[in-house]
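# I'd like to go over a predicted model; first the sequence, then the structure.
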Amino acid sequence: MAGLIAARPRVSAKAYFGAVALATALGIAAAMLLRPAFAHTVLELTGLESVPQASADSFYAQRVQPLFQAHCIGCHGSERQKGGLRLDSFAATQRGGKHGAVAVAGDIKGSSLFERITLPATDDRAMPPSGKTPMNNDEITVIRLWIASGASGTLPARAVKGAPRLVAPVTIPELNPSAVVKKRAPLAARVAQLRGRFPGIVEYESRDSADLVVNATLKHDAFGDSDLRALAPLGARIVAADLSGTAVTDAAAPLLAAMPVLRSLRLMRTKTTDATVTALAGSKTLKVLAVGKASPEALAPLRRKGVRIYEDADGG
Amino acid sequence: MRQTETVQQMLERLDRQAQTRRQFVGWGAGGLGAFFMNTAMAAQQPTTSTGLSFRRDPSTPLSVLPPQFPAKAKRVIYLHMGGAPSQLELFDHKPLLAKFDGHDCPQSFLKGKRFAFIRGVPKMLGPQFPFHQTGKNGTWISDRLPHTEKLIDDLCLIKSMKTDQFNHAPAQLLVQTGDARTGHASLGSWVTYGLGTENQNLPGFIVLASSGPGPTANAGKPLWGSGFLPSVYQGVECRSAGEPVLYLNNPHDVSRASRRQVLDAVDAINHHTEQEFGNPETVARIAQYELAYRMQVEASEAMDIKREPAAVLARYGAEPGKTSYANNCLVARRLAERGVRFIQLYHWGWDSHGSPSDEGINIGFVNRCKETDQPTAALLQDLKERGLLEDTLVIWGGEFGRTPMEDNHGGSTEVSKYIGRDHHTAAFTVWMTGAGVRTGMVHGETDDMGYEVVKDPVEVRDLHATILYLLGFDYQKLNYPYQGLDQKLTGVKPARIVSEILA
Amino acid sequence: MADEAVTPKPLHVRVWDAPTRLFHWTIVTLVFVSWLSADQGYMKVHLCSGLALLALLLFRIGWGLVGSTTARFSDFLHPPRTVIGYVKGLVGGEKHLYAGHNPAGGLMVVAMIVVLLAQALTGLFANDGLHFSGPLALLISDDVSTWITGLHSLIFNAILLLVWCHVVAVGFYLFVKGDNLVKAMITGRKPHTHVPEAVRIAFTRSYIALLMLLLVLTAGGAAWFMIQGGAFL
């Protein structure tokens, strides 16, 4: 043995690897202390901690998660974990990031998530950072309500009071011409025939609908009860009828009352009376009613149902 | 002596006489091209590449077509306040701006920006009228609109409108036609193109203009023009005093019957021309003559506000025989009842630069408010009572906003006794109400000085997309192929439907 | 023994050349710098250390072809069977002497270079979802860049694992086998008892290393120039 090498006390392999195991465990423990998010990951992986789940009807799932999805997970999700934080699952929100929990149950001041999203846009630490769409007041309110109510994954949405209206993004359905033709098929021939007989009075509600709207106002007196009766075969599909200023009378009431999907009916400046209004009281679908003269008693049942009622103004 | 011949025979004779060898060869060669053009142009309103067809019988170009999907709004009344009303004196309450009144404008507001008239460093100008809160939601509003504010809970205020045009004509064109240059179809044209109109005896798109004493439409008739759409969809300017449409009525000694004969003759010639050349505009011309004929009766009645009871006239402040915004509002309500699809009102004179007096916030602006507040409120109330607000969309607004800084008239040192603000593109206010619009809400916010939008910006094309959505159209599907592009109201940039304001 | 003039055997044998040693410790530093700078958000530093790592790795590959014997891949790359055989022998207490990297060590070198290279290369195309992205990110679509960023994250874990393995292995040699590899990588010398008897190491001159580095930097500069569309910034 060359004497110039310091004689190192040799350690047995067992002892060495034992020491390595210990050091590694200590290292992981230190990392868990320094990074709580990592701690949670480890505990969940080893099964020592259950992965918190959110229920589908929870305020979190319905209101909070979509917000995180829209504004946050680009940098705090599966692809990137800025600041060690993920927000792409309920469990992740509970884990927090590099500096600990971001949403502390019931503690808005102590929740750095809330602090960051309410910083002025000019602040470097504001979230989402400049260049990304900031959260608007409604969205911030949702987060605040969530944290204040315990940052829970199970509290149902209806239990959280004062949440701003959920604005659904606008989706316009694709027009499927063949499906429309099919929908319209049962009455198509009748519709064509009656449109020929009453030009400009009967029209489909929209290009993708089989429902019909009737507008006879421009015919004035030339349109009366018999004409409405002629349209009766289409009654099952009429959703809106404007008969203002026409010659229809109470005789039309049974027809109108029988329309199963009628949502809007206008009868201003007609000779209809309370009798028609009463006949309509049973409608399950009527939402808007404009009448000539009608007594409050006749209108009461409809008002109670929440139907919007308009009465004939004098003159005009 | 030549026998009298019918018009048809005369035309056929002229045709025969007109044929020369050159023409024969020309027709032969051009014939194939003409054949192609004829088949290609046979559909006057061609189907666009995205599948919505707006094809109609060419003789009834304004016949009703259903919207793409079920929609609440069936008609539009657009109240355009030309010249740009000052949002800081009407709807956008900025108490901090009041504190900075008279201070020099900070550089950050001026750097890199272009202004119409501001030069150098202007002074900040605080709100010139007091604000207060009103309505169920404590909406802030100035004291200039005492009538309109009673209906504040029915309005949806959009305080975060933005534009990129800082001068009147291009800005008005942008707001009305979707593009800052002429040549594009106006909103009313698109709507009548897409939906037609219910009353075939009145134009589908009617324009009613009024103004303060100052200048009127900066961009002129292109604001209600049809652009590349067939000309039958252009707006028809009507007047609320005197004859509703100039040159509509027959001259004194021409009876309706003799007018009919003339029209029949002209129709025949036009039909012949249409057959020979296949120009769809000829058919449009025929349709317009016929419309004018029908209008002679119906327009006069529709626009005759003397038929309204005195109480109604008083509510609007309308005076029959004058041209006024009040009269126009009342006419608008009557037209809405009579199945007109798009009613466009203009009231000019809001350009409150501060000089001359009619452009002063302390004088002209006050007058504009007085001229428009009561009639606007009366119109809304009227529509509401008649249940017409269920399916009428009402829009109010200008073409841009006004600056939080005082207009210093190009740095002039003259002291003006009139106060004014310059044009401001970064933020302005528009309100909507009616079919499908959420009521009693404020959408969007500007910063504490009222300079930039800080929340929920709405570009002009976003507003357009939303309006078309309320009418039942996907703004991408309501298009018209022209110059190799499926032209849209919203232009080529993607637009966002402002879902937050939908009921 | 033959009666040659017995020159006193040197107590230490030079095994590692300067470029290899410099390379090793610079890499260690750069890996830590890269890790720290990314963690704390100093992305400009991260970019610089990443590029430096890339340059050095490319240098090492070149040096592995023309460098000193112990630096060459041909010296320490062994087929898998040999590596397994070596490890088995190690466990069994056999003693084999190697001047440069032993077969297991050779495997570690290759693994390290491959993984670090992958990390540097993915880093070129990565983006942080905000304002910072690698210099080549503009050549690919956002979606691909984001996917590559995911890889960059993943490979970091692989690096951590490899570093752990490496440190444990070196510690094993140091504490269990009495072989101070750390000192060797610093001084370049091993005790003569730790190298094979008839060892022959040819040392390539250091200036060749410098030329190699210059070559890498020039190639990198040219690539940068081309990507920037004919300008340097």
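Everything's here; your move. Residues are numbered from 1 along each chain as shown, chains lettered A, B, ... in the order given.
# next one: the one helix or strand residue A:22 maps to to chain centre, how far?
In this structure, residue A:22 sits in helix A:13-34 according to DSSP states H and E. The chain centre lies 50 Å from the centre of helix A:13-34; the measure is Cα atoms, centre = their mean, to the nearest Å.
# So which other helices or strands are in contact with that helix?
Secondary-structure packing of helix A:13-34 (3 or more Cβ pairs under 8 Å, 6 or more residues apart in numbering or on different chains; DSSP states H and E): helix A:36-45, helix C:142-171. Every C-beta, even on glycine, is put in place using the N, C-alpha and C of the backbone.
# can you list the ones you listed in a markdown table and add mean neighbour count and distance to chain B?
Converted to a markdown table, those look like this (neighbours: other Cβ atoms under 10 Å in any protein chain shown; distance: least, Cβ to the nearest Cβ, whole Å):
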| stretch | mean neighbour count | distance to chain B |
| --- | --- | --- |
| helix A:36-45 | 17 | 32 |
| helix C:142-171 | 16 | 17 |
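# Out of the ones you listed, name the one with the poorest average pLDDT.
Mean pLDDT values for the helices and strands packed on helix A:13-34 show the minimum at helix A:36-45, a mean of 82.
# Would you mind listing the outside residues contacting the helix or strand following that helix?
Next helix or strand after helix A:36-45 toward the C-terminus (DSSP H and E): helix A:59. Contacts to helix A:59, defined as Cβ atoms under 8 Å, 6 or more residues apart in numbering or on different chains, come from residues A:145, A:146, A:149, A:152, A:155, A:156, A:157, A:159, A:160, A:163.
# same question for helix A:59, mean pLDDT?
93.
# Ok, stretch A:191-210 next?
Stretch A:191-210 shows a mean pLDDT of 93.
# Kindly export it (C-alpha atoms) in CSV.
Taking C-alpha atoms only, stretch A:191-210 is exported to CSV below (Å, rounded to 0.1, in the frame of the first residue of the first chain):
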residue,chain,number,x,y,z
VAL,A,191,-96.7,24.2,-44.2
ALA,A,192,-95.9,24.6,-47.9
GLN,A,193,-99.6,24.6,-48.8
LEU,A,194,-100.5,27.1,-46.1
ARG,A,195,-97.5,29.4,-46.9
GLY,A,196,-98.8,29.5,-50.4
ARG,A,197,-102.2,30.4,-49.2
PHE,A,198,-101.1,32.9,-46.6
PRO,A,199,-97.9,34.4,-48.1
GLY,A,200,-95.7,36.2,-45.5
ILE,A,201,-97.8,35.0,-42.5
VAL,A,202,-96.3,31.6,-41.7
GLU,A,203,-92.6,31.1,-41.4
TYR,A,204,-90.2,28.7,-39.8
GLU,A,205,-88.8,30.0,-36.6
SER,A,206,-85.2,29.5,-37.8
ARG,A,207,-83.3,27.5,-40.4
ASP,A,208,-82.6,24.7,-38.0
SER,A,209,-86.0,24.5,-36.5
ALA,A,210,-89.3,22.8,-37.4
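# quick one: buried residues of that stretch?
Buried residues in stretch A:191-210, defined by neighbour count with 16 or more other Cβ atoms under 10 Å in any protein chain shown: A:191, A:194-195, A:198, A:200-210.
# Run through chain A and note the low-pLDDT ranges.
Filtered on pLDDT under 70, chain A yields the residue ranges A:1-9, A:313-316.
# where along the chain do the helices fall?
Picking chain A for this. A:13-34, A:36-45, A:59, A:65-71, A:90-95, A:112-117, A:137-148, A:177-197, A:225-230, A:253-257, A:274-280, A:296-304 (DSSP state H).
# To clarify, I was referring to chain B.
B:7-18, B:21-41, B:95-99, B:107-110, B:168-177, B:187-195, B:256-277, B:280-302, B:310-316, B:325-337, B:364-385, B:460-470.
# Measure how buried the closest residue to residue B:401 other than its chain neighbours is and give me the count.
Excluding the flanking residues, the one nearest residue B:401 by Cβ to Cβ, 6 or more residues apart in numbering or on different chains is residue B:428, at 3.0 Å. Neighbours of residue B:428 under the rule other Cβ atoms under 10 Å in any protein chain shown: 33.
# what does residue B:348 give?
Neighbours of residue B:348 (other Cβ under 10 Å): 22.
# That one against residue B:212, yeah?
Yes: with contact defined as Cβ atoms under 8 Å, residue B:348 reaches residue B:212; the gap is 6.7 Å.
# Quick check: residues of chain C near chain A?
Proximity of chain C to chain A, by Cβ under 8 Å from any Cβ of the partner chain, involves residues C:11-12, C:128-131, C:146-147, C:149-150, C:153, C:164, C:168, C:171-172, C:174-178, C:180, C:191-193.
# one step back: which one of the helices and strands packed on helix A:13-34 lies closest to residue C:48?
helix C:142-171 (16.4 Å; Cβ to Cβ).
# care to break the chain down by domain?
I'll assume chain A. A:19-165, A:177-311 (automatic domain parsing).
# The chain in question should be chain B.
Taken from automatic domain parsing, chain B resolves into B:7-39, B:65-244+B:303-501.
# Get me the contact residues on the stretch 201-316 of chain A for chain B.
Residues of the stretch 201-316 of chain A lying close to chain B by Cβ under 8 Å from any Cβ are A:203-209, A:211, A:215, A:217-218, A:264, A:266, A:268, A:288, A:290, A:308, A:310, A:313-316.
# how about 6 Å then?
A:203-209, A:218, A:288, A:290, A:310, A:313, A:315 (Cβ under 6 Å from any Cβ of the partner chain).
# Equivalent analysis for the stretch 1-150 of chain A, please.
The stretch 1-150 of chain A comes close to chain B at residues residue A:136, as judged by Cβ under 6 Å from any Cβ.
# and residue B:367, how many neighbours?
Residue B:367, neighbours per other Cβ under 10 Å, totals 15.
# go on, residue C:228?
12.
# got it, and residue A:112?
19.
# Which residue is the nearest non-sequential neighbour of it?
Residue A:112's closest residue in space is residue A:102 (Cβ to Cβ, 6+ apart), at 5.0 Å.
# Who are the contact partners of the one you found?
A:96, A:112, A:113 (Cβ atoms under 6 Å, 6 or more residues apart in numbering or on different chains).
# same thing but 10 Å
A:37, A:76, A:83, A:85, A:87, A:92-96, A:110-116, A:127, A:147, A:151 (Cβ atoms under 10 Å, 6 or more residues apart in numbering or on different chains).
# okay, the nearest residue to residue B:429 once chain neighbours are set aside: pLDDT?
Counting by Cβ to Cβ, 6+ apart, residue B:429 lies nearest to residue B:87, which is 4.0 Å off, once chain neighbours are set aside. As summarised for this prediction, residue B:87 has a pLDDT of 97.
# Distance-wise, check residue B:87 relative to chain C.
34 Å (Cβ to the nearest Cβ, to the nearest Å).
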